[in-house]
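K.L.:
turn this into a model:
(chains A, B, C and D)
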2 protein chains.
Amino acid sequence: MIRILLLDDHNIVRSGYRRLIDAEPDMCVAAEAATVDDAYAAARDTALDVAVVDLSLRGASGIEATRRILARSSGIRVLVLTMHDSPGFVTQAFRAGAMGYLTKSSDPGELIGGIRQVAAGRRVLSADVAQGVANAALEEDDLLSRLTPREFEVLRMAASGESPPRIALHMHLSHKTILNHLSAVRQKLDTETDFSLLRLAARHGLVELPTPSSVPC
Amino acid sequence: MIRILLLDDHNIVRSGYRRLIDAEPDMCVAAEAATVDDAYAAARDTALDVAVVDLSLRGASGIEATRRILARSSGIRVLVLTMHDSPGFVTQAFRAGAMGYLTKSSDPGELIGGIRQVAAGRRVLSADVAQGVANAALEEDDLLSRLTPREFEVLRMAASGESPPRIALHMHLSHKTILNHLSAVRQKLDTETDFSLLRLAARHGLVELPTPSSVPC
DNA sequence: TGGTCGCCGGGAAAATTTCCCGGTTCGCGC
DNA sequence: GCGCGAACCGGGAAATTTTCCCGGCGACCA
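P.N.:
Have a look, this model is predicted:
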């Protein structure tokens, strides 16, 4: 019998997983957790074989959860189950010690099979995700390093919401120079829209972005 | 017997919901869909009582789905089930004709109960969400709520990084119409730059933004 | 000393955005 | 039914912005 811990902050989603898993004769959900702390406590107090972990949790990430669960409990394996399919997440997860990575778009059968694989000590990776990882590993060099320091700085200020005139004022430059720099940035980073440019900047940690939790404005 | 349509682009999550629902004696999942188009087709071809709709779909949003489902099938009621708890989403959903709004953090019992309520023609709203909506309604009208559904949808796609031509293609509209919508959005929301517009959208939970962790180092 | 590079900014061409228009559909009150 | 307003679609022209190209400056290096 494979004993399983579910970590996902959505109650309903968790309940659904439980039904899926409990329907299998050789596995059962031994614990549920909505937060990293709860999961940590469960891993300490309960005998477990596999932890099924969501990455996008409120507060700390599933990566952190993975690390903490593994640090506490020696026999356990972690299977990440998330909506994200970015290569970055995948490498982060495996680096943190996960044994498997599935997206929520996978077949329910893949989840069941994946749990068995992971419990047996084998690695698991969604086919759709593997493709992306392979591509990223080949081509992806850090885009931001092509920017000159000045361009980098202008992008940082623009991405944090300042308007070009304000940036110019702040940097004691001409309005026009800022626009020229921004133009160069757009071209070097090959972005179609300013939206995608900002997303790129955010992905590289250039700016911190507001989260839905800070609603009032 | 309440006949239900599930619309969610995550296969595994959908399967979980199905288990939850099929365990009830008086309801059953009559159709599943991963895309708005599939849901539309299902609503046309199948006799249905309630549609359980996720808001964050790849491509078009659940708002759009809600409108299209309701337009096609007269007897059906829509229950939105999503991770988002921002007031903007809630008002958009009800404006599109939804009868209920639950977050995934709700109890599984609330989903079951909510389906029964909605099927009976009563409105349903998560307690946690109601709080936020009430606050937003009191202190100031939510910025995003001044947008029309169409503008909302265009903003959502643009903010998630799609280029205007791609959006036009996806929505079967003219390139020009998208630009006009975006222009209206910029004006209504009074943003100086597209960067600040995207930040605003992110703050209201309109899009999920990439985090620094998604880049391989 | 000549070459390259980053940086600054002006001016004109090119592209985009904004603005305004007419048309359609839908829902609502009368 | 009928008028009314609102949302929606999209074309065309004006207005604005972005891009492109330019010259000039200082720093670094072979």
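
K.L.:
going forward, measure contacts between C-alpha atoms and count neighbours the same way
P.N.:
Fine.

K.L.:
show me what contacts A:A47?
P.N.:
Shown in contact with A:A47 (Cα atoms under 8 Å, 6 or more residues apart in numbering or on different chains): A:R3.

K.L.:
tell me the confidence at it?
P.N.:
With respect to pLDDT, A:A47 scores 90.

K.L.:
now A:G132
P.N.:
What the model reports as pLDDT for A:G132 is 74.

K.L.:
OK, contacts around the residue in chain A sticking out farthest from the centre?
P.N.:
In chain A, the residue that sits farthest from the middle, by Cα atoms, centre = their mean, is A:S174; the gap is 39.4 Å. A:S174 makes contacts with A:A168, as judged by Cα under 8 Å, 6+ apart.

K.L.:
what distance do you get for it to A:P165?
P.N.:
Relative to A:P165, A:S174 is positioned 8 Å away (Cα to Cα, to the nearest Å).

K.L.:
so A:V13 sits right up against B:Y17, yeah?
P.N.:
Yes: A:V13 is within contact range of B:Y17, at 7.3 Å (criterion: Cα atoms under 8 Å).

K.L.:
what helix or strand does A:L102 sit in?
P.N.:
Using DSSP states H and E, A:L102 sits in strand A:100-103.

K.L.:
next structured bit after the lowest-mean-pLDDT helix or strand in chain A?
P.N.:
Every helix and strand in chain A was compared by mean pLDDT, DSSP states H and E; the lowest is helix A:127-139, with a mean of 69. Toward the C-terminus, helix A:127-139 is succeeded by helix A:149-159 as the next helix or strand (DSSP H and E).

K.L.:
what packs against the helix or strand just after that next one?
P.N.:
As assigned by DSSP H and E, the chain's next helix or strand after helix A:149-159 is helix A:164-171. In terms of contacts (3 or more Cα pairs under 8 Å, 6 or more residues apart in numbering or on different chains; DSSP states H and E), helix A:164-171 is packed against helix A:149-159, helix A:175-189.

K.L.:
report the residue spans of chain A with pLDDT below the cut-off.
P.N.:
Within chain A, the segments meeting pLDDT under 70 span A:59-60, A:88, A:134-145, A:205, A:208-217.

K.L.:
how is it divided into domains?
P.N.:
Domain segmentation of chain A under automatic domain parsing yields A:2-138, A:143-203.

K.L.:
re earlier: mind checking which of the helices and strands packed on helix A:164-171 is nearest B:F94?
P.N.:
Nearest to B:F94, of all these, is helix A:149-159, at 33.2 Å by Cα to Cα.

K.L.:
ok, residues contacting that closest one?
P.N.:
Here helix A:149-159 makes contact (Cα under 8 Å, 6+ apart) with A:144, A:164, A:167, A:178, A:181-182, A:184-185, A:198, A:201, A:206-207, B:195-196.

K.L.:
centre-most residue in chain A?
P.N.:
By Cα atoms, centre = their mean, the mean C-alpha position of chain A lies nearest to A:F89, the distance being 4.4 Å.

K.L.:
which element is that residue on?
P.N.:
Per DSSP H and E: A:F89 is located in helix A:87-95.

K.L.:
quick one: is that helix near chain B?
P.N.:
Yes: with Cα under 8 Å from any Cα of the partner chain as the measure, helix A:87-95 is seen reaching chain B through A:P87, A:G88, A:F89, A:T91, A:Q92.

K.L.:
DNA strand C contacts on chain A?
P.N.:
Counting by Cα under 7 Å from any atom of the strand, chain A comes close to DNA strand C at A:T148, A:P149, A:R150, A:E151, A:H172, A:L173, A:S174, A:H175, A:K176, A:T177, A:N180.

K.L.:
give me the buried subset of the residues you listed.
P.N.:
A:E151 (16 or more other Cα atoms under 10 Å in any protein chain shown).

K.L.:
in chain A, which residue sits nearest chain B?
P.N.:
Per Cα to the nearest Cα, A:G16 is where chain A lies closest to chain B, at 3.6 Å.

K.L.:
you'd agree that residue is up against B:D22?
P.N.:
No: if you go by Cα under 8 Å, A:G16 and B:D22 don't touch, sitting 11.0 Å apart.

K.L.:
comparing those two, which residue is more hemmed in?
P.N.:
Per other Cα atoms under 10 Å in any protein chain shown, whichever of A:G16 and B:D22 has more neighbours is A:G16, with 22 against 15.

K.L.:
in whichever strand or helix holds A:G109, which residues are buried?
P.N.:
Here A:G109, judged by DSSP H and E, is contained in helix A:108-119. Neighbour-count burial for helix A:108-119, counted by 16+ other Cα under 10 Å, picks out A:P108, A:E110, A:L111, A:G114, A:I115, A:R116, A:Q117, A:V118, A:A119.

K.L.:
could you report the neighbour count for A:A33?
P.N.:
Neighbour count of A:A33, defined by other Cα under 10 Å: 20.
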